[in-house]
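Trainee: need a structure here:
(4 chains)
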Protein chains: 2
Amino acid sequence: MSIYCIMGVMNPLQTLDPAVDASCCVPSAKPALSAEEAQQKALVFKALADPNRLRLLSIVKGEEAGESCVCDLTGPLDLGQPTVSHHLKILVEAGILHREKRGTWAYYSLVPGALDDVAGILSAL
Amino acid sequence: MSIYCIMGVMNPLQTLDPAVDASCCVPSAKPALSAEEAQQKALVFKALADPNRLRLLSIVKGEEAGESCVCDLTGPLDLGQPTVSHHLKILVEAGILHREKRGTWAYYSLVPGALDDVAGILSAL
DNA sequence: GCAGTAGATTGACATCCGTCGATATAGCCC
DNA sequence: GGGCTATATCGACGGATGTCAATCTACTGC
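Mentor: Take a look at the predicted model:
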């Protein structure tokens, strides 16, 4: 935790407090996953576990400029603007998307390496 | 689909019916993700979006024999046997775990390459 | 067959989550 | 300032999801 809570947002993609890993010195075969680690990692997958959020990611990723504003995202999905905003918030809180407000518009872009980090979680299970 | 439905189980990790991809011949920049594709891919992440299921995977993966029986899984988690059975079923239906019954016991093992396939979904978003 | 055991299934319940309409906030332009 | 637009937040509602106790199924061994 520590500094990652300053923004009032807990970012699941940040590495866990090393203290929980203090059961080190084990050959590496057994630690399994503590309840806390599991809950933390599950947050990222929860963010990915919705069809509409996957589509949002797909659209943002496919955008040549690397970013999309909300107005470009409400169209393709059959969802209202508040719902899209809600999904985007979840993706931002999961550390997958980055939000930048310029003037009246909000632009969303993929956090570099975020999806790779998720893949890393899988291989490190 | 085809043979994968013989068991009465739809395996989300199998590639989608190519028909949905028939909007080919697009340079490759735009297809985004159709609603059907998104729903299909979300199933796998739904299966991973629970702390206890992540712990189950972690335990099975860490087992030297490559498989665990249910009795080895109910202990570490603070869950009743029916609940563990329920979670295991979800992981099997997602194509991540394989179930083999030998005698009275049921052994669960990772489907080879399943987690890599999930990583592939991410990079192909 | 009978008792015992491992595991799956069912049904109920509480909680979580996706969605919407309504409203609030914030920036632009006249 | 006042109207306008883009986006976020709130409150409510219905459906999905995790959990458990109780029950069922299938195998083992006597």
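Trainee: can you list the residues of chain A near DNA strand C?
Mentor: Contacts of chain A with DNA strand C, taken as CB under 7 Å from any atom of the strand, map to A:46, A:49-50, A:52-53, A:78-80, A:82-83, A:86-87, A:90, A:101, A:103-104. Yep, even glycine has a C-beta here, placed from its N, CA and C like the rest.
Trainee: Which residue ranges of chain A form helices?
Mentor: Using DSSP state H, the helices of chain A run over A:35-48, A:51-62, A:70-74, A:81-93, A:114-123.
Trainee: if we can go back for a sec, out of the residues of chain A next to DNA strand C, who's the most crowded?
Mentor: residue A:53 (25 neighbours; other CB atoms under 10 Å in any protein chain shown).
Trainee: Nearest spatial neighbour of it, chain-adjacent residues omitted?
Mentor: Among residues not flanking residue A:53 along the chain, residue A:87 sits closest, at 5.0 Å (CB to CB, 6 or more residues apart in numbering or on different chains).
Trainee: Cross-check the contact I'm expecting between the one you found and residue A:56.
Mentor: Yes. The pair residue A:87 / residue A:56 is scored as a contact, 5.9 Å apart, by CB atoms under 8 Å.
Trainee: quick revisit: so which two of the residues of chain A next to DNA strand C are the farthest from each other?
Mentor: A:49 and A:103 (33.0 Å; CB to CB).
Trainee: Just give me how far stretch A:61-69 sits from the chain centre.
Mentor: 17 Å (CA atoms, centre = their mean, to the nearest Å).
Trainee: who touches that stretch?
Mentor: A:59-60, A:72, A:100, A:105-110, B:29-32, B:125 (CB atoms under 8 Å, 6 or more residues apart in numbering or on different chains).
Trainee: in that stretch, what's buried?
Mentor: A:61, A:62, A:63, A:67, A:68, A:69 (16 or more other CB atoms under 10 Å in any protein chain shown).
Trainee: contacts with DNA strand D among these, please.
Mentor: Within the buried residues of stretch A:61-69, those near DNA strand D by CB under 7 Å from any atom of the strand are residue A:69.
Trainee: would you list the buried residues of stretch A:61-69 in CSV and tack on pLDDT and distance to residue A:36?
Mentor: Output for the buried residues of stretch A:61-69, formatted as CSV (pLDDT from 0 to 100; distance: CB to CB, whole Å):
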residue, pLDDT, distance to residue A:36
A:61, 93, 31
A:62, 89, 35
A:63, 86, 36
A:67, 87, 34
A:68, 90, 34
A:69, 88, 37
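Trainee: can you put the buried residues of stretch A:61-69 in CSV and add distance to residue A:120?
Mentor: Converted to CSV, the buried residues of stretch A:61-69 look like this (distance: CB to CB, whole Å):
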residue, distance to residue A:120
A:61, 18
A:62, 23
A:63, 24
A:67, 24
A:68, 25
A:69, 30
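Trainee: show me what contacts the residue lying closest to residue A:78 once chain neighbours are set aside?
Mentor: Closest residue to residue A:78 apart from its sequence neighbours, by CB to CB, 6+ apart: residue B:35 at 8.0 Å. Neighbour list for residue B:35: A:51, A:55, A:78 [criterion: CB under 8 Å, 6+ apart].
Trainee: Residue B:41 is nearest to which of the helices of chain A?
Mentor: helix A:51-62 (5.7 Å).
Trainee: ChimeraX command for the buried members of the contacts of stretch A:61-69?
Mentor: Selection of buried members from those for ChimeraX, criterion 16+ other CB under 10 Å:
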select /A:59,60,106,107,108,109,110 /B:32,125
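Trainee: least confident pick among the contacts of stretch A:61-69?
Mentor: Looking at the contacts of stretch A:61-69 by pLDDT, the weakest one is residue B:29, with 49.
Trainee: Single out the most deeply packed of the helices of chain A.
Mentor: helix A:51-62 (a mean of 22; mean count of other CB atoms under 10 Å in any protein chain shown).
Trainee: So what angle separates the directions of that helix and helix A:35-48?
Mentor: Interaxial angle of helix A:51-62 relative to helix A:35-48 (axes from the mean of the first three to the mean of the last three CA atoms, to 10 degrees): 80 degrees.
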